[in-house]
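> Next come a sequence and a model predicted from it.
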2 protein chains.
Amino acid sequence: MALFGQPKNNKQETGFSVTPWEVTGQVDYERLVKEFGTELITDELLQRLVSLAGGSNHMLRRRIFFSHRDLNHVLDDYEAGRGFFLYTGRGPSGPMHIGHIIPFHFTKWLQERFSVNLYIQITDDEKFLEEKRGLTLEETRRWSYENILDIIAVGFDPDRTFIFQDVDFIGNMYPLAIRVARKVNFSWVRAVFGFDHQTNIGMIFYPAIQIVPALFERRRCLIPAAIDQDPYWRVQRDIAESLGYYKTAAIHSKFLMPLSGPEGKMSASQRETAIFLSDDAKSVRKKIWQAFSGGQPTVELHRKYGGNPDVDVAYQWLYYFFEEDDRKVEQLRQDYMSGKLLSGEMKEILIEKVVKFLERHQEAREEAREKYHLFTREGKLAQQMWETKFGLET
Amino acid sequence: MALFGQPKNNKQETGFSVTPWEVTGQVDYERLVKEFGTELITDELLQRLVSLAGGSNHMLRRRIFFSHRDLNHVLDDYEAGRGFFLYTGRGPSGPMHIGHIIPFHFTKWLQERFSVNLYIQITDDEKFLEEKRGLTLEETRRWSYENILDIIAVGFDPDRTFIFQDVDFIGNMYPLAIRVARKVNFSWVRAVFGFDHQTNIGMIFYPAIQIVPALFERRRCLIPAAIDQDPYWRVQRDIAESLGYYKTAAIHSKFLMPLSGPEGKMSASQRETAIFLSDDAKSVRKKIWQAFSGGQPTVELHRKYGGNPDVDVAYQWLYYFFEEDDRKVEQLRQDYMSGKLLSGEMKEILIEKVVKFLERHQEAREEAREKYHLFTREGKLAQQMWETKFGLET
């Protein structure tokens, strides 16, 4: 059994830290790619992806999804007719914010373009087992339902998408989970996830549960997710072939800058750093007005010296997701740097986009209640899944 | 979270060792009771049990079931009308031998006398996760079916008995298993079960799965089992009340002496030490004839000095289970010690009993195929169990 070292990333040395449970400091993504052992998406790979997808995506062009593992093999498989499938997830520890939902929009784009199955794991067990969160199982299950509505609102294909809570679906996953677990020892999860002797035995077993969906089909899995989840996929990649499955591929996103500025990631537990999917127009306006800005202290100084878009939250959000038009976003950058565009004006542009986005989302979320059973039980893929005991298919 | 020390029992010091996975050396049961912190069954407690049971049992009278935890409270609950339930299990790692089935006969006696529910866990996951056994999951599942037939053959009440394989029933147990797991950390299972950093994460989680059935009802559980399983119950007892359940009670048996003599316990992996439930009369005869004897080297010396029943396998088996009549068994002991009864004669007496027992067992086992669905799916208790998600009842 191979042993992964813990990511060498060490906050004292680098000023930032990225683990599946915490992101602090200002992330140096190039450094992270080296430390995690992933690869940057080259221009060539991007072109190939866009060409096979039959269309482009602004989050790819701007390298919001910037890093990958084996994306080239996914495209090989697609071209050769072997296909692939998508897997992503959500830890239901509270209300979802904009930073949580954006990767789902990118995932939807992938599903539409490649017509592939998508599995979305809702880790009600993990969020209960993470003791420091202090959540009851009832709470993580209540949040699961609420979060699933937000995810359905993104607009996935109900016959190609299966959304499941671990606690509900464990009966179908456990035989495969123990096959995974038998290949992973305490040393290994200690090194990869930083577990110690105080870690509870549910958390210690949990990585097996998160790895199982990447083995749901006997073809390559592509996982679109923020890069902090990568440690799980490293474990999957080290054992998948010995179990007769493919090593999973992954495509990693950067974090959306919190409202408070360029450090860390948005956190549902620090409510002022995030805009929630349930926020109304008034509170969106208020929060964005209070967001960290790259502007100068006065209008006069701003006109003279210009602003810094690299740390301006409003610009960064427009760039990350909300302004799809590359020319427009470049114009905003230029105008901000030259001082022509004021911080308040940038914020107004973002506010309009976010308010519109949330209006659409909230409407779709109401309609999602009617579709819940399709994604979780009765859609074509969901039905197949409930009929399958993974790890006992022989 | 309290920490149990590992049983101080240390083979170097005591000449024997008892863990859930291994028993070696000649067990000093009085010492084990002190080290495990259980209690010997006093004459007074025995009288109370027999009186409430409305009848006696030779395995109790002879202190084959010799130790307990909270058996007095079980009887209090029974008298007060709160009732109790029984839980025991089987690790399906191979064919069952006589040492495996005897505790089930005692359990049946308890069920009949007190008309209580009985849960029998078949740990197909554990036996797969124990790497040194080298069993595939398919193998532990095949043995599960075979072992369940042997267990059904004992004659339990099909409407009050539920027999389940972990891998099949996990969907109903997992929510409660993670509630248990959240309260148990690595330090604790390391101390109690001797796990280390090489232990796989499935084994580390597994104690939670074995604890769950002791929480199937909101009343006291009584576990009849060999004393080597006691470490699990100590963990259950330390967390049960904080989860709103009763601490489990237990009644512990000694080990049936292996055919090879007074050291260790019978082992299915050392086939010559055991008589299997599928053995025919010829092989029973052969094995018992080869068993370790307490007799003298020659008939003359035996007549003169007598034999030692304490190490004579045939006598020990008759005492342990096969001769129910106390006067007869005492007569055998006297006659053996005086030299009146030869080792070969003792063996013949045992052979007759064992052959008869196995004939009856093998017949009942054939009939068990027809009853399998009752115990596992369709009996009254089984049906209730499949409708319940433990740990999500709120």
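On my side now, so go ahead.

> Point me to the helix or strand that includes the residue nearest the centre of chain A.
For chain A, A:Ala225 is the residue whose C-alpha lies nearest the centre (C-alpha atoms, centre = their mean; 3.5 Å). In this assignment (DSSP states H and E), A:Ala225 forms part of strand A:220-226.

> avg pLDDT for the helix or strand following that strand?
Sequence-wise, the next helix or strand downstream of strand A:220-226 (DSSP H and E) is helix A:230-239. Averaging pLDDT along helix A:230-239 yields 94.

> Excluding chain neighbours, give the residue nearest to the closest residue to chain B within chain A in space.
Residue of chain A nearest chain B, by C-beta to the nearest C-beta: A:Gly171 (2.5 Å). Every residue, glycine included, has its C-beta placed from N, CA and C. Counting by C-beta to C-beta, 6 or more residues apart in numbering or on different chains, A:Gly171 lies nearest to B:Gly171, which is 2.5 Å off, once chain neighbours are set aside.

> list the contacts for that neighbour?
A:Ile170, A:Gly171, A:Asn172, A:Tyr174, B:Lys389 (C-beta atoms under 8 Å, 6 or more residues apart in numbering or on different chains).

> ok, now A:Ala177?
Per C-beta under 8 Å, 6+ apart, neighbours of A:Ala177: A:Ile170, A:Phe205, A:Ala208, A:Ile209, A:Ile211, A:Val212, A:Gly391, B:Gly202.

> returning to that earlier point: gap between the residue nearest to A:Gly171 and B:Gly89?
B:Gly171 sits 19 Å away from B:Gly89, going by C-beta to C-beta, to the nearest Å.

> The stretch 1-150 of chain A against chain B: which residues are in contact?
Applying C-beta under 8 Å from any C-beta of the partner chain, we find that the stretch 1-150 of chain A lies next to chain B at A:Asp125, A:Phe128, A:Leu129, A:Glu131, A:Leu137, A:Glu138, A:Arg141.

> Return the residues in contact with the first one.
Counting by C-beta under 8 Å, 6+ apart, A:Asp125 makes contact with A:Thr140, A:Asp166, A:Val167, A:Ile170, A:Gly202, A:Tyr206, A:Ile209, B:Tyr174, B:Ile178.

> Per-residue pLDDT of the first one, please?
Looking back up the chat, that one is A:Thr140. A:Thr140 is given a pLDDT of 98.

> and if you look at A:Phe85?
98.

> With adjacent residues omitted, what lies nearest to it?
In space, A:Phe85 is closest to A:Asn117, 4.5 Å off (C-beta to C-beta, 6+ apart).

> ok, which stretches of the stretch 1-150 of chain A are helices?
When assigned using DSSP state H, counting those that start in this stretch, the helices of the stretch 1-150 of chain A occupy the ranges A:11-14, A:29-36, A:43-53, A:58-61, A:71-79, A:98-114, A:124-129, A:137-152.

> Nearest to B:Ala191, out of those helices?
Closest to B:Ala191 of the helices of the stretch 1-150 of chain A is helix A:124-129 (C-beta to C-beta; 20.7 Å).

> Name the next helix or strand following the longest helix anywhere in chain A along the chain.
Ranked by residue count, the top helix of chain A under DSSP state H comes out as helix A:343-373. Downstream of helix A:343-373, the next assigned helix or strand under DSSP H and E is helix A:380-386.

> Next one: that next one, is it in contact with chain B?
No. For a cut-off given as C-beta under 8 Å from any C-beta, helix A:380-386 has no contacts with chain B; the smallest distance is 10.9 Å.

> which strands and helices sit next to that helix?
With contacts taken as 3 or more C-beta pairs under 8 Å, 6 or more residues apart in numbering or on different chains; DSSP states H and E, helix A:380-386 sits against strand A:161-165, helix A:166-181.

> and the shortest one with helix A:98-114, angle?
Yep, that's strand A:161-165 we're talking about. 140 degrees (axes from the mean of the first three to the mean of the last three C-alpha atoms, to 10 degrees).
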